[in-house]
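Novice: okay, sequence plus prediction incoming.
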Amino acid sequence: MVSSEQRRRQLAREKYLRQQQRRETARRKSRQRNVVIASVLAVVLAGGGAVAAAGAFSGDDKDKKKDDAASTPSAPSTSKAPDPCAKEAKAVAGKKPKKMSFKKEPAVSIDKSASYAMNLETTCGDISIDMDAAKAPHTVNSFNFLAGKGYFDHTKCHRLVPQQIYVLQCGDPQGTGAGGPGYKLPDENLKDPSLKGGKYPAGTVAMANQYNAQTKQGRDSGGSQFFLVYQDSPLPPDYTPFGKISKDGMKVLKKIASAGAAAPDQMQNTAPNASVVINKATVTKS
């Protein structure tokens, strides 16, 4: 016959086992949630060039659409804010980007020892970017080539990320996150000292790409899509940093960011509430 003391000990042991099981279940869910968050951070920038990350990215990327839908959870709720660029956007409404696609990356013809700057004339103001030709020659050469062709003219900046990372993404003539120039660029400058500490500092301009940190696949997949960092953002050094935004350009970028983002679309893009259209992109050498 079981004594009351034995019964008490048995009940205590069963309670302890139930507690341990609940804790293990909670730990497992936490690990799964962290993996999902890491995946979102890895692909939120995937985009044009070949895609996310930062990027996003060549011609019509059907696989990207499937991957984004499958791996990206619902975005945080967003609210509609006043559009600070509505008047300027209305003035250029109806102008469409040119449809262009190139079979291969242009041969590197820039002077790697020279200074290059790209100016984005947008409906929200000019954003000037100093580009590092020495550390990212393929990337800078591609922007010089595409800007010269008018590739970026009249293109929308299609994604604003206002949580966890803080970036505005541009460079897709389709305006969906799936467009690109038809060729892929190699990753460059991933060991830049500015990326130490697992973050991309405010003012950084970097390439979007298709790299997936979990599968270790998708290197060298940049295209035409790029992102502008308006606040220090925790990201692994997987996205080619190639430029720095000027002081005045940061004021424009922060004005865009302060208007917030719209609800996510089918591609999980959260469009900026500000109507950001690149009227013209020009690259100059000095």
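Specialist: All right, it came through fine. Quantities reported herein were computed from a predicted structural model and do not represent experimental measurements.

Novice: secondary structure element for Tyr16, which one?
Specialist: Per DSSP states H and E, Tyr16 falls inside helix 4-43.

Novice: let me see the ranges of the strands in the stretch 51-200 of the chain.
Specialist: For the stretch 51-200 of the chain, the strands defined by DSSP state E, counting those that start in this stretch occupy 116-122, 125-131, 155-156, 159-161, 167-170, 199-200.

Novice: tell me which strands whichever helix or strand comes after the last one pairs with, and in which orientation.
Specialist: So the one you mean is strand 199-200. Downstream of strand 199-200, the next assigned helix or strand under DSSP H and E is strand 204-207. Strand 204-207 pairs in its sheet with strand 226-229 (antiparallel), strand 241-245 (antiparallel), by DSSP bridges.

Novice: highest average neighbour count across those strands?
Specialist: strand 226-229 (a mean of 30; mean count of other Cβ atoms under 10 Å). All C-beta atoms are positioned from the backbone trio N, CA, C, and that covers glycine.

Novice: make a markdown table out of the strands of the stretch 51-200 of the chain and add mean pLDDT and mean neighbour count.
Specialist: Putting the strands of the stretch 51-200 of the chain into a markdown table (pLDDT from 0 to 100; neighbours: other Cβ atoms under 10 Å) gives the following:
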| stretch | mean pLDDT | mean neighbour count |
| --- | --- | --- |
| strand 116-122 | 98 | 21 |
| strand 125-131 | 98 | 20 |
| strand 155-156 | 98 | 24 |
| strand 159-161 | 96 | 28 |
| strand 167-170 | 98 | 29 |
| strand 199-200 | 97 | 23 |
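
Novice: among those, which is nearest Gln6?
Specialist: Shortest distance between Gln6 and those, using Cβ to Cβ, is found for strand 199-200: 57.7 Å.

Novice: show me what the closest one is packed against.
Specialist: On a contact count with 3 or more Cβ pairs under 8 Å, 6 or more residues apart in numbering; DSSP states H and E, strand 199-200 meets strand 233-234.

Novice: which residues touch the longest strand seen in the chain?
Specialist: When the chain is parsed with DSSP state E, its longest strand is strand 277-285. Identification of contacts with strand 277-285 by Cβ atoms under 8 Å, 6 or more residues apart in numbering yields 89, 92, 95, 110-111, 114-123, 131, 143-144, 146-148, 150-157, 170.

Novice: what bits of the stretch 151-286 of the chain have low per-residue confidence?
Specialist: Within the stretch 151-286 of the chain, the ranges that satisfy pLDDT under 70 run 267.

Novice: circling back to that earlier point, to Ala274, which of the strands paired with strand 204-207 lies closest?
Specialist: Nearest of the strands paired with strand 204-207 to Ala274, taken as Cβ to Cβ: strand 226-229 at 12.9 Å.

Novice: brilliant, that's me finished.
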